[in-house]
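>>> sequence first, predicted model second:
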Amino acid sequence: MPLEPIGSMMKRAREGRYAVGYFESWNLESLQGVVDAAEEARSPVILGFNGDFLSRPRSTPERLELYAKLGLAAAQSATVPCGLIFNECPRDDWVRGAVDLGFNLVMLADPGAPFESMTARVAAIVRHAHVSRVAVEGEVGELPMGAGLADSASHTGERTDPAAAEAFVAATGVDLLAVSVGNVHIQLGQPGGLDLDLIEQIERRLQIPLVLHGGTGITREALAEAIARGVTKVNFGTYIKQHYLNIVRQTLSRMVADPHQVLGLGGPDDILVAGRRAVHDAVLERIDWLGSRNQAPSMLQEKGS
């Protein structure tokens, strides 16, 4: 199917009182696993990649065009509605490039940048993106870091101020807003709850969907309460990679001598198959948490709309 416009995807979710999951991918089999799970559950889904990881200095530089084509091909092959996000990138040029390459949702994120500067930068991205009918996700507040990256200091974060959120949305024209309400980035410990009162305060001031990053660190019960209060998109990354690595390690531990059995033949000892299935299983579970199972419009509904 062609990419589903983010606006219509979010509208259906708000009306149906469920949330759409963004399940972050990093290679072909993880992307296939997300699509497999979405199709099995008949759930809309947002595919995509981490813009911070891809755009930062790496041992081997990445080509954004390859990721764009990979994501678009996955969405077009799917039988359920898919969006495609270039997520949390601190580089304006890469975000603009993602718009031009066909992503239909982008997010500029630069923790530590002054609020006024970010407002101006995001507003410029919105103007560029909306020309191509690409949606933009913004962020007010900063999530605590459960486990810092090698070159990132751990921090306590800053919760979203409802008045600042309202001003930011009015000044930028963003289509979705990510909020900090007790959620945590890269949470490796036990999941916790959310400040539901704060979610309600923010939701009352805004007319756009709210987003929770750090879905790994949120309990199922807290997610359900947040969705009931206006959260319409939830991001998952850490949980998926944890499950993927556990299953791939188990598969590699079998010590199969034939390299083709381990890479490429597609049997029980193939780590590509194991990884794809691991992602499928992890995503399928979280789809049920979000209430999006069987929310993909049928082909008959699509033709009649």
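Arrived safely, thanks for sending.
>>> name the element the closest residue to Cys82 other than its chain neighbours belongs to?
Residue nearest to Cys82 in three dimensions, not counting chain neighbours: Ala75, with 3.9 Å by C-beta to C-beta, 6 or more residues apart in numbering. For every residue, glycine as well, the C-beta is placed using N, CA and C. Using DSSP states H and E, the element containing Ala75 is helix 64-77.
>>> hmm, who's touching that helix?
For helix 64-77, the surrounding residues in contact (C-beta atoms under 8 Å, 6 or more residues apart in numbering) are 1-3, 25, 28, 31-32, 34-35, 47-49, 54-55, 82-84, 86, 94, 97-98, 101-103.
>>> of those, select the buried ones using a PyMOL command.
Selecting only the buried entries of the contacts of helix 64-77 in PyMOL, with 16 or more other C-beta atoms under 10 Å as the criterion:
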select buried, resi 3+25+31+32+34+35+47+48+49+54+55+82+83+84+86+94+97+98+101+102+103
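>>> mind listing which of the contacts of helix 64-77 are in strands?
Among the contacts of helix 64-77, the members falling in strands (DSSP state E) are Leu47, Gly48, Phe49, Cys82, Gly83, Leu84, Phe86.
>>> make TSV out of these and add pLDDT.
Shown next, in TSV, are those (pLDDT from 0 to 100):
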residue	pLDDT
Leu47	98
Gly48	98
Phe49	98
Cys82	98
Gly83	98
Leu84	98
Phe86	98
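>>> tell me where the model's unsure across the protein.
Where the chain drops to pLDDT under 70, the residues are 147-155, 298-305.
>>> longest helix in it, by number of residues?
In the chain, taking DSSP state H as the definition, the longest helix is helix 271-290.
>>> so the nearest residue to Gly291 once chain neighbours are set aside, which state does it fall into?
In this structure, Gly291 finds its nearest non-sequential neighbour in Tyr18, 3.6 Å apart by C-beta to C-beta, 6+ apart. The three-state assignment at Tyr18 reads coil, by DSSP: H, G, I helix; E, B strand; the rest coil.
>>> my read: Tyr18 touches Ala226, true?
No - contact criterion C-beta atoms under 8 Å: Tyr18 and Ala226 do not qualify, at 11.7 Å.
>>> ok, which stretches of the stretch 1-150 of the chain are helices?
Along the stretch 1-150 of the chain, the stretches classed as helices by DSSP state H, counting those that start in this stretch are 6-16, 28-41, 51-55, 64-77, 92-101, 115-131.
>>> right, and those - which one's nearest Asp258?
helix 28-41 (19.6 Å; C-beta to C-beta).
>>> show residues contacting the closest one.
Taking C-beta under 8 Å, 6+ apart as the rule, helix 28-41 contacts 23, 25, 43-45, 47, 70-71, 74, 77-80, 82, 240, 244, 272-273, 275-284, 287-288, 292-294, 296.
>>> swap in 6 Å and give it another go.
By C-beta atoms under 6 Å, 6 or more residues apart in numbering, the surrounding residues in contact with helix 28-41 are 23, 25, 45, 47, 74, 78-80, 272, 275-276, 279-280, 283-284, 287, 293.
>>> between helix 64-77 and that helix, find me the angle.
20 degrees (axes from the mean of the first three to the mean of the last three C-alpha atoms, to 10 degrees).
>>> chain center to helix 28-41: distance?
14 Å (C-alpha atoms, centre = their mean, to the nearest Å).
>>> the helices of the stretch 1-150 of the chain: which one's closest to Ala257?
Per C-beta to C-beta, nearest to Ala257 of those: helix 28-41, 22.4 Å.
>>> tell me how far the longest helix of the chain lies from the chain's centre.
With C-alpha atoms, centre = their mean, you get 15 Å for helix 271-290.
>>> buried ones in that helix?
Across helix 271-290, burial judged by 16+ other C-beta under 10 Å covers 271-284, 286-287, 289-290.
>>> same check, this time on stretch 244-257
Tyr244, Ile247, Val248, Thr251, Val256.
>>> secondary structure element for Ala226?
Applying DSSP H and E, one finds Ala226 within helix 220-228.
>>> give me the contacts around that helix.
Contacts for helix 220-228 (C-beta under 6 Å, 6+ apart): Ala19, Gly193, Leu194, Leu196, Ile199, Trp289.
>>> and for stretch 281-301?
16, 18-19, 21, 23, 34, 37, 41-44, 80-81, 220, 223, 236, 240, 243.
>>> can you dump the C-alpha coordinates of that stretch into PDB?
Output in PDB follows, covering the C-alpha atoms of stretch 281-301 (Å, rounded to 0.1, in the frame of the first residue of the first chain):
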ATOM      1  CA  ASP A 281       6.900 -11.400  18.500                       C
ATOM      2  CA  ALA A 282       7.900  -8.300  20.400                       C
ATOM      3  CA  VAL A 283       5.900  -6.000  18.200                       C
ATOM      4  CA  LEU A 284       2.800  -8.200  18.200                       C
ATOM      5  CA  GLU A 285       2.700  -8.000  22.000                       C
ATOM      6  CA  ARG A 286       2.900  -4.200  22.100                       C
ATOM      7  CA  ILE A 287       0.300  -3.900  19.400                       C
ATOM      8  CA  ASP A 288      -2.100  -5.500  21.800                       C
ATOM      9  CA  TRP A 289      -1.000  -3.100  24.500                       C
ATOM     10  CA  LEU A 290      -1.900  -0.200  22.300                       C
ATOM     11  CA  GLY A 291      -5.300  -1.500  21.300                       C
ATOM     12  CA  SER A 292      -4.600  -1.200  17.600                       C
ATOM     13  CA  ARG A 293      -5.300  -4.900  16.700                       C
ATOM     14  CA  ASN A 294      -7.900  -5.200  13.900                       C
ATOM     15  CA  GLN A 295      -7.900  -1.400  13.400                       C
ATOM     16  CA  ALA A 296      -6.500  -1.500   9.900                       C
ATOM     17  CA  PRO A 297      -9.300  -0.500   7.400                       C
ATOM     18  CA  SER A 298     -10.300  -3.300   5.100                       C
ATOM     19  CA  MET A 299      -9.800  -3.000   1.400                       C
ATOM     20  CA  LEU A 300     -13.500  -2.700   1.000                       C
ATOM     21  CA  GLN A 301     -13.600   0.200   3.400                       C
END
